[in-house]
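Peer 1: sequence? don't have it. structure:
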């Protein structure tokens, strides 16, 4: 029988959430914890996964447990990885490097967002060239090509094209906390920071969170309002079939599209010969009226099965959740908030 190792202080994800909430400023916690609009899709993601029931075969011959999973020619030690998260350093200073290092040490994939607070080059160094890179598609082809060249030079094996953010979701929690575009630092936020000395000290050591990969392209001296306008304009490049095909021609590694949730998008991915799809609704942060990710998986499975690698994120919070969605047809899974709750609660620990 396999012995499960755990920390008795934090036997479940809820324990980490409670500690994270105590440890980081409210605006940072709500940025991590929140969805969009009324958070309907956010909660539906998890509740729908919990509706998937497994049939146990207790009396079948026992076999050694082996969670190793092959994906794109690499054998990972578990069938889950770490989803890309924007502005990770706002939640906990240095968190991209902390998670990337942990992913490398435990042989699971880590995906860096274009708008993370660490650069492609830094994360590639930490992971010895194993990290995946998620591309927010820029409006200008020249900027897109520069990002692709940097990713290729850094040895990125898998390029993830972000498909489900044609525009940023309406997120009331972030708006109330001054984290909309353009962001603003309010007196209330300053008071929150003063009450979280650990977060404040670590931020002082690592520096204020910034878009590290995008730093070479952001004009110097922009105030917060102009930075917001710059980012909004820069990433107004919605993905479409022609743009995906153009990237397919340029990128020599594996390509995954993240944010597949409709029949037409699934059919397009297959038509273009995309290596894998991540069925996702951006963790409930984009379309509050959308279906749960596992519902999309179940509906799209007949279109995708045997034609591309099928992955999923949005709503997974535990080992049983991973088992549920894999039983529902996923080849591999990703989690974002779940890992970030751990870093926010424990830092490097």
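Peer 2: In hand now; what should we look at? Every value quoted in this text rests on a predicted model; they were computed, and no experiment measured them.
Peer 1: buried stuff in stretch 19-33?
Peer 2: 19-21, 23-33 (16 or more other C-beta atoms under 10 Å). Heads up, the C-betas are built off the backbone N, CA and C, glycines and all.
Peer 1: Verify the contact between residue 35 and residue 42 for me.
Peer 2: Yes - if you go by C-beta atoms under 8 Å, residue 35 and residue 42 touch, sitting 3.0 Å apart.
Peer 1: Which neighbours do the two have in common?
Peer 2: Here residue 35 and residue 42 share the contacting residues 283, 284, 285, scored by C-beta atoms under 8 Å, 6 or more residues apart in numbering.
Peer 1: Most neighbours among those, which one?
Peer 2: residue 284 (27 neighbours; other C-beta atoms under 10 Å).
Peer 1: what's the closest of the shared contacts of residue 35 and residue 42 to residue 137?
Peer 2: Nearest to residue 137 out of the shared contacts of residue 35 and residue 42 is residue 285 (C-beta to C-beta; 17.4 Å).
Peer 1: can you redo the buried residues of stretch 19-33 as JSON lines with secondary structure and distance to residue 102?
Peer 2: Below are the buried residues of stretch 19-33 laid out as JSON lines (DSSP: H, G, I helix; E, B strand; the rest coil; distance: C-beta to C-beta, whole Å):
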{"residue": "19", "secondary structure": "helix", "distance to residue 102": "17"}
{"residue": "20", "secondary structure": "helix", "distance to residue 102": "16"}
{"residue": "21", "secondary structure": "helix", "distance to residue 102": "21"}
{"residue": "23", "secondary structure": "helix", "distance to residue 102": "18"}
{"residue": "24", "secondary structure": "coil", "distance to residue 102": "19"}
{"residue": "25", "secondary structure": "coil", "distance to residue 102": "23"}
{"residue": "26", "secondary structure": "helix", "distance to residue 102": "26"}
{"residue": "27", "secondary structure": "helix", "distance to residue 102": "25"}
{"residue": "28", "secondary structure": "helix", "distance to residue 102": "20"}
{"residue": "29", "secondary structure": "helix", "distance to residue 102": "21"}
{"residue": "30", "secondary structure": "helix", "distance to residue 102": "24"}
{"residue": "31", "secondary structure": "helix", "distance to residue 102": "21"}
{"residue": "32", "secondary structure": "helix", "distance to residue 102": "17"}
{"residue": "33", "secondary structure": "helix", "distance to residue 102": "21"}
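Peer 1: if we can go back for a sec, who has more neighbours out of residue 35 and residue 42?
Peer 2: Legend: neighbour count by other C-beta under 10 Å for residue 35 and residue 42, higher for residue 35 (25 against 22).
Peer 1: So that one: helix, strand or coil?
Peer 2: coil (DSSP: H, G, I helix; E, B strand; the rest coil).
Peer 1: how close does the residue sitting furthest away from the middle of the chain sit to residue 338?
Peer 2: Relative to the C-alpha centroid of the chain, counting by C-alpha atoms, centre = their mean, residue 59 is the outermost residue, at 38.3 Å. Using C-beta to C-beta, to the nearest Å, residue 59 is found at 33 Å from residue 338.
Peer 1: Over to residue 50?
Peer 2: 15 Å.
Peer 1: of those two, who's got more company?
Peer 2: Shown here are residue 50 and residue 338; by other C-beta under 10 Å, residue 338 has more neighbours (20 against 14).
Peer 1: Contact partners for the nearest residue to the more buried one once chain neighbours are set aside?
Peer 2: The shortest distance from residue 338 to any non-neighbouring residue, by C-beta to C-beta, 6 or more residues apart in numbering, is to residue 317 (5.3 Å). With contact taken as C-beta under 8 Å, 6+ apart, residue 317 is in contact with 13, 46, 335, 337, 338.
Peer 1: Pull the contacting residues for residue 239.
Peer 2: So residue 239 contacts 137, 161, 162, 163, 166, 257 (C-beta under 8 Å, 6+ apart).
Peer 1: Out of those, which is nearest to residue 226?
Peer 2: Looking across those and measuring by C-beta to C-beta, the closest to residue 226 is residue 137, at 22.0 Å.
Peer 1: and that closest one, how many neighbours does it have?
Peer 2: 23.
Peer 1: ok, it touching residue 242?
Peer 2: No - assessed by C-beta under 8 Å, residue 137 is found out of contact with residue 242, at 11.7 Å.
Peer 1: Sort out which residues of the lowest-mean-pLDDT helix or strand in the chain are buried, please.
Peer 2: Using mean pLDDT, DSSP states H and E, the weakest-scoring helix or strand in the chain turns out to be helix 224-234, at a mean of 81. Across helix 224-234, burial judged by 16+ other C-beta under 10 Å covers 227, 228, 230, 231, 234.
Peer 1: Tell me which other helices or strands it touches.
Peer 2: Here helix 224-234 touches no other helix or strand, going by 3 or more C-beta pairs under 8 Å, 6 or more residues apart in numbering; DSSP states H and E.
Peer 1: For the stretch 1-150 of the chain, give me the ranges with low pLDDT.
Peer 2: For the stretch 1-150 of the chain, the stretches with pLDDT under 70 are 1-4.
Peer 1: show me where it has helices.
Peer 2: Ranges of helices within the stretch 1-150 of the chain are 13-23, 26-33, 40-50, 88-91, 95-105, 120-126, 141-153, based on DSSP state H, counting those that start in this stretch.
Peer 1: hmm, who's touching the second one?
Peer 2: Residues outside helix 26-33 that contact it (C-beta under 8 Å, 6+ apart) are 17, 20-21, 87, 90-92, 173-174, 176-179, 189, 192, 199, 337, 340-341, 344.
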